[in-house]
Structure formats: C-alpha cells, structure tokens
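> dropping the sequence and predicted coords here.
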Amino acid sequence: MKIERGLAWSETQSGFEAADGTRLFYRSWMPLAPRSGAPRALVFLHRGHEHSGRIGTLVEQFGFHGDWAFAYDARGHGYSPGERGSAPSFATMVEDLDTFVRHICSKHGFSIEDVLVVANSVGAVVAATWLHDYAPRVRGLVMAAAAFAIKLYVPLAKPGLRFARRFKPELFVTSYIRPTMLTHSAEQARAYQEDPLIAKSISAQILLELADTAQRIVHDAAAIDTPVLMLAADQDYVVHEAPQKLFFDRLSSPMKRYLRLQRCRHAIFYEEDTSVAMQASRSFIDECFAAKPPSPVRFAAADREGQGAQHYAALLNNQTGNALTRAWFGLQRNMLKVMGPLSDGMKIGLRHGFDSGESLDYVYRNQAGGKLGFGGMMDRGYLDAVGWRGIRMRKVQMQQMLAEQIAAHQGPGPVRILDIAAGSARYVLETIKRFQDREIEVTLCDYEQHNLDQAKKLAEKLQIGARIEYCRRDAFSADSYQGQEGRYDIAVISGLYELFSDNSLVLQSLRGVAASLREGGSLLYTGQPWHPQLDMIAYTLTNHRGEPWRMRPRAQAEMDGLVDLAGCRKLKTRIGLEGIFTVSLAEKGAAPGAGD
C-alpha cells in the first residue's frame with residue numbers, strides 16, 4: 001500500500017518477520033528525489049503507548065527530503081500483534097529493533113553505517129540497549145527524553161509491582177499520564193487523547209524489565225562509542241533527568257551532545273515549539289553523516305585504554321570496592337575452601353579452576369550433586385548462579401547458530417568444522433549428533449590433553465558418525481594454524497577470549513582462525529560484554545591456572561572490531577541472559593576491516 005506524503009516521500013505500509021516469527025507492522029517513506037550516492041535511512045522509534053502512525057509528521061519536520069525513513073509498531077502497539085502494552089520480554093523488544101534494521105538493510109541495500117536512529121522515551125532505552133548489546137555500526141542516535149527511570153510517584157512502586165506479580169504474573173499498569181502532561185500543545189494533546197491506536201496500559205513485567213535493563217545500560221554506558229545526541233525536557237513529568245545525564249557522562253562517544261530544552265515536556269517532538277529540538281537534531285544528523293565511520297583499529301588498544309581497562313587494572317591490584325566488601329569476599333573465599341568440597345560443582349572448580357573445561361561441562365549438565373544432603377543444596381544454588389545460567393543459555397544459542405550454519409552449507413564436499421578451544425566439545429558434538437545424515441569433518445583443538453580425552457569419550461558415548469580429529473594446540477599460537485589455510489567452512493570460538501584481556505593475543509588468534517576459513521566461511525564466536533559479579537568472582541574464585549579469576553569484560557563493539565580486523569564481518573548477534581554473554585556470526589571476506 002502506497003500513500004503520497006506531500007511532495008517529498010511516498011509512504012508504504014508493510015510488515016517484517018521478527019526472530020520468533022511474529023509479523024510486525026511498519027511504514028517506510030521513500031524519497032521521491034533521492035540524494036546522490038549511497039542511500040541513507042532514518043529509523044524512528046515511537047514512545048511507549050504510541051505507534052508508527054504518529055511518525056509521519058516527524059519525517060516531514062526533520063526534513064531530510066533525499067533520505068529514506070522507517071518506523072515500525074512495537075509488538076503490542078498499533079497494528080502489530082500482541083496484548084496491548086505487552087511483549088514477551090524487554091529483550092525481545094530490543095531484538096525486534098535489530099531484526100528490523102537488518103531487514104531494511106537487506107531489502108533496500110543500505111549499509112548499516114548509513115542508518116541513523118531517532119528514538120523517544122522507552123524507544124530511546126530500546127535503542128541504547130541495542131547499541132550496547134548488539135553493537136551495530138549505525139551512524140548515530142538521537143535520544144529524546146530517554147526513559148531510564150520513570151517517575152512512578154507511588155512510594156515503593158517497583159518492589160510492590162514485583163511482589164504483586166508473584167500472585168498475578170500478567171499484571172498490567174494503567175498510565176497515570178494525561179495528554180496535557182506530555183506537551184504544552186493543546187492540538188497535540190487532543191490528537192494523543194483521540195488516537196484509538198494509543199494503548200493506555202503497560203505490562204508490569206515490561207515496566208520492571210525496562211527499569212532493570214536501563215540500570216544496567218546506564219552503569220555500563222562506557223561500552224557505547226556511537227555518536228549520540230541527548231535531548232532532555234526541563235518539565236518532564238514522566239521520566240527523571242539525572243539518569244539521562246549520568247548515561248551521557250559515561251558514554252565513550254567521541255561525538256556526543258546534551259541539550260536541556262526549556263519549557264518542554266516529555267513528548268519533545270510533539271511540543272508547542274519544537275524549533276530548538278529540531279535544529280539541534282538536524283545539525284547533529286548532518287554532522288554524523290559528514291563524519292567518516294570510525295575504523296575498528298581503535299579497538300586494538302581497548303585492553304589498555306578506557307573505563308573497562310581501568311577497572312581491570314584495579315582488579316589486578318585488589319583496589320576495587322572498599323575494605324568492607326573485600327573483607328566479605330575474603331570470608332566467602334575461606335568458607336569456599338572449607339565447605340566447597342561438599343558440593344560436586346565447587347569441588348571441580350577448586351580442583352581444576354572455575355573457568356576450566358571440567359567446570360563448564362559440569363555446569364552444562366546442570367545436575368546438582370554433593371555430600372551429606374547439604375552439599376547437594378549448595379550445589380543447586382551454585383548451578384543457579386546468574387553467570388552459570390547465562391553459560392547454559394550461551395550453549396543453547398551456540399548450538400542453534402551452529403546447526404543453522406551446518407544446515408545452510410552447500411557444496412559437493414563435507415562440512416568442515418574447526419573448534420580452536422573445544423574443552424569437552426559438548427556443544428559441538430551434541431549438535432552434529434543431529435546431522436548424522438550429513439558428511440561432516442570436525443577438528444577439535446585444546447591446550448589440555450585431558451579435555452581432548454573427555455571429548456573423545458563423549459563422542460564415543462554419543463556414537464558420532466562424523467570424522468573427528470583431536471589436536472593438542474595453543475589457540476593463541478600462530479603455529480597452530482599453519483597448513484590449515486582455507487580448509488574450514490565453519491570455525492567456532494566459544495568461551496575462550498572472555499578469559500584473556502590482551503587484545504594482541506586475541507587478534508593474533510583471530511587472524512589464524514580467519515586464515516583457516518575458506519572465503520565466505522562462517523565464524524561463530526562468543527562474547528562477554530559485562531558481568532554483574534566481577535568483583536565477587538575475582539576475590540573469591542580461582543581460574544584454571546590456580547590464580548584469582550579476574551575478568552575484563554570486552555564490549556560487544558570491541559569484540560566485533562577485533563573480528564573485523566582479522567578479516568571477517570559480523571552478520572548477527574544473539575543476546576543471552578541479562579546481556580552477560582553473546583553469540584555472534586561473522587563471515588570471512590564480507591567486508592575486511594584491516595585496511596580501513
């Protein structure tokens with residue numbers, strides 16, 4: 001369906017398939033007089049309660065006549081399906097944005113570097129989370145009245161909602177906001193009030209997940225280096241300004257702007273006077289597109305520079321937290337030595353290291369065991385720690401992605417798979433078990449012979465029909481990849497680079513892996529952009545070398561940048577529990593970044 005929009009755009013209404021198969025509604029505005037050169041796209045995200053039908057006037061006001069514009073109805077809003085004001089999770093809403101941008105890039109031939117996002121309120125938090133978790137190389141982001149902290153007014157509202165959801169999980173909250181609290185414009189307030197597609201309620205689950213995610217993103221905003229313009233309203237009855245400013249201050253973006261708009265309420269782009277906001281947005285967008293996209297070379301030194309490197313250095317010197325917290329962690333460490341052997345999982349960790357292949361294999365099995373009854377209870381709590389639950393989700397996502405790549409393989413020869421640090425190789429072996437009808441050759445490598453022996457036992461137990469080669473190799477040694485050039489269709493790197501801070505080592509390893517792939521081959525790799533228990537782990541647990549297990553989370557943008565420098569380009573990312581772990585797919589030769 002096409003609708004003429006003034007003299008500048010032709011509006012089309014369509015739909016796209018979300019990752020879970022749900023078809024979401026969207027609108028596109030095609031420029032009738034496109035600018036010369038590479039096409040550019042502005043993607044607009046509507047506020048909570050609203051829909052894409054209210055974006056058309058914004059497209060005209062922004063006035064980029066030669067550029068495409070897009071907006072979709074978030075699930076549970078407008079013409080998209082789902083209970084009004086609800087979604088399976090806030091993470092699903094973020095994934096929908098990632099899917100949508102990849103959809104329009106594929107359909108219309110945009111480069112991700114020529115996409116810029118404009119988002120308001122809840123949409124701004126969705127966009128910021130997308131930048132943090134998925135690390136897309138968009139040209140920039142305009143954030144208006146970002147809903148990092150909603151003003152709920154009722155004392156103890158969030159704890160109350162969490163408690164109420166124990167009895168009514170599908171609880172909904174009706175918005176207290178009147179249209180006149182959103183804007184000084186009587187016309188816009190009336191349009192909002194009379195719009196039949198505007199949902200007045202929001203799922204309590206989404207509201208709480210929004211709050212939790214916003215807290216995480218504000219805390220770890222330094223992981224974002226995309227150009228950002230933040231517009232805050234001085235009379236905002238809906239959201240607090242302080243978290244917006246804190247987020248802005250922590251951004252690593254070399255190009256960032258913060259503008260506090262006077263006599264302005266929450267619906268910034270629907271105010272009585274939008275001239276200042278529009279002018280600031282237009283100037284910022286022009287500046288973003290005029291600047292050359294930054295080279296991934298900057299990530300090579302991220303292990304020595306930036307906030308993450310500073311925190312890691314403090315961990316190495318036992319300087320994080322305060323004396324009280326360090327004393328508490330010391331007590332936990334001593335208790336672990338005494339009581340830990342009662343738990344089967346903790347016993348393995350104490351013996352082999354909590355990051356070892358033996359520990360991970362035990363976590364994957366997820367079967368609690370221990371001595372004297374109490375040990376089993378301890379073990380269950382150990383296995384249910386957020387990090388281990390995230391590890392198990394990572395395994396599922398890795399197996400899904402690996403299975404997809406095996407199924408998609410075309411060619412006269414076998415599917416050749418390389419795992420450079422396989423451990424017990426459970427995720428690879430369990431996956432290829434489902435492809436017994438395919439010709440597959442697997443090379444499993446590991447630094448420890450014990451892990452290779454365990455992998456061989458598991459392969460025999462599963463009665464794997466594929467041809468398997470077991471090689472004792474150092475994943476960080478260039479010698480490990482000599483003679484393997486162009487041999488493999490798929491390479492897997494799971495749970496390895498998260499254990500090492502040194503980017504030069506990681507880059508050397510990645511270049512060896514990339515050289516081992518054929519042109520167009522697939523690289524599957526994991527990441528750990530953040531972790532909520534870094535200090536506890538560092539001061540309490542030991543690694544496979546018997547040393548304190550100190551980790552430096554590697555921002556997703558940094559991990560993707562190193563992959564790019566090695567000659568591969570990321571195609572997609574899947575986000576794990578609370579964004580702690582990720583699984584990504586890259587392709588060799590798609591757009592090498594080493595010469596950028």
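Yep, that arrived. Residues are numbered from 1 along each chain as shown.
> which residues touch residue 528?
Neighbouring residues of residue 528 by C-beta atoms under 8 Å, 6 or more residues apart in numbering: 498, 551, 553, 554, 580, 581, 582. For the C-beta atoms, the positions are set from N, CA and C on the backbone; glycine is no exception.
> and of those residues, the nearest to residue 28?
For those, the closest approach to residue 28 (C-beta to C-beta) belongs to residue 582, at 29.2 Å.
> ramachandran coordinates for the closest one?
Torsion angles at residue 582 (phi, psi; degrees, to the nearest 10) stand at phi -130, psi 160.
> just give the nearest non-adjacent residue to it, would you?
With sequence-adjacent residues excluded and distances taken as C-beta to C-beta, 6 or more residues apart in numbering, residue 582 is closest to residue 527, at 4.3 Å.
> neighbours around the one you found, how many?
Around residue 527 there are 28 other residues, counting by other C-beta atoms under 10 Å.
> ok, it to residue 315 distance?
Going from residue 527 to residue 315 by C-beta to C-beta, to the nearest Å gives 19 Å.
> same check on residue 508?
Distance, residue 508 to residue 315, by C-beta to C-beta: 24 Å.
> these two - which one has more neighbours?
For residue 508 versus residue 315, neighbours defined as other C-beta under 10 Å are more numerous around residue 315 (21 against 17).
> ok, now which ones touch residue 535?
Applying C-beta under 8 Å, 6+ apart, the residues near residue 535 are 315, 320, 321, 325, 329.
> out of those residues, who has the most neighbours?
Taking other C-beta under 10 Å as the neighbour criterion, residue 315 ranks highest of the contacts of residue 535 with 21 neighbours.
> my read: that one touches residue 547, true?
No. Assessed by C-beta atoms under 8 Å, residue 315 is found out of contact with residue 547, at 11.9 Å.
> all strands of the stretch 1-150 of the chain, in order?
Along the stretch 1-150 of the chain, the stretches classed as strands by DSSP state E, counting those that start in this stretch are 2-5, 9-17, 23-31, 41-45, 68-72, 115-120, 140-144.
> any chance of these in CSV, with mean pLDDT and distance to residue 168 too?
Formatted as CSV, the strands of the stretch 1-150 of the chain follow (pLDDT from 0 to 100; distance: least, C-beta to C-beta, whole Å):
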stretch, mean pLDDT, distance to residue 168
strand 2-5, 52, 42
strand 9-17, 95, 32
strand 23-31, 97, 27
strand 41-45, 98, 29
strand 68-72, 97, 30
strand 115-120, 97, 30
strand 140-144, 98, 33
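> now mean neighbour count too, for those strands, in JSON lines please.
Below are the strands of the stretch 1-150 of the chain laid out as JSON lines (neighbours: other C-beta atoms under 10 Å):
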{"stretch": "strand 2-5", "mean neighbour count": "12"}
{"stretch": "strand 9-17", "mean neighbour count": "16"}
{"stretch": "strand 23-31", "mean neighbour count": "21"}
{"stretch": "strand 41-45", "mean neighbour count": "25"}
{"stretch": "strand 68-72", "mean neighbour count": "27"}
{"stretch": "strand 115-120", "mean neighbour count": "25"}
{"stretch": "strand 140-144", "mean neighbour count": "26"}
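> of all the ones you listed, which one is nearest residue 391?
Using C-beta to C-beta, the nearest of the strands of the stretch 1-150 of the chain to residue 391 is strand 9-17, at 29.3 Å.
> who does that closest one pair up with?
Strand 9-17 sits in its sheet next to strand 2-5 (antiparallel), strand 23-31 (antiparallel), going by DSSP bridges.
> mind listing the residues bridging to residue 261?
Bridge pairing for residue 261 - DSSP bridges - gives residue 233.
> now do it against residue 230, distance only.
With C-beta to C-beta as the criterion, residue 261 and residue 230 are 11 Å apart.
> cool, and residue 197?
Distance, residue 197 to residue 230, by C-beta to C-beta: 28 Å.
> these two - which one has more neighbours?
residue 230 (22 against 15).
> now the longest strand along the chain: mean pLDDT?
Criterion DSSP state E: the longest strand present in the chain is strand 517-527. In this model, strand 517-527 has a mean pLDDT of 96.
> do the same with stretch 403-413
For stretch 403-413, the mean per-residue pLDDT is 91.
> with stretch 308-321 instead?
Here the average pLDDT along stretch 308-321 is 88.
> domain ranges for the chain?
According to automatic domain parsing, the chain comprises the domains 2-294, 326-386, 389-588.
> can I get these in a markdown table including distance to residue 303?
Output for the domains of the chain, formatted as a markdown table (distance: least, C-beta to C-beta, whole Å):
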| stretch | distance to residue 303 |
| --- | --- |
| domain 2-294 | 14 |
| domain 326-386 | 18 |
| domain 389-588 | 4 |
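> and these: which comes nearest residue 311?
Closest approach to residue 311 among these is made by domain 389-588 (7.6 Å; C-beta to C-beta).
> any idea how far the closest one is from the chain center?
18 Å (C-alpha atoms, centre = their mean, to the nearest Å).
> next, the distance between the ends of it.
In domain 389-588, first residue to last residue: 31 Å (C-alpha to C-alpha, to the nearest Å).
> just to revisit the earlier point, which neighbouring elements make contact with the longest strand of the chain?
Where contact means 3 or more C-beta pairs under 8 Å, 6 or more residues apart in numbering; DSSP states H and E, strand 517-527 is packed against helix 386-408, strand 488-493, helix 556-565, strand 582-588.
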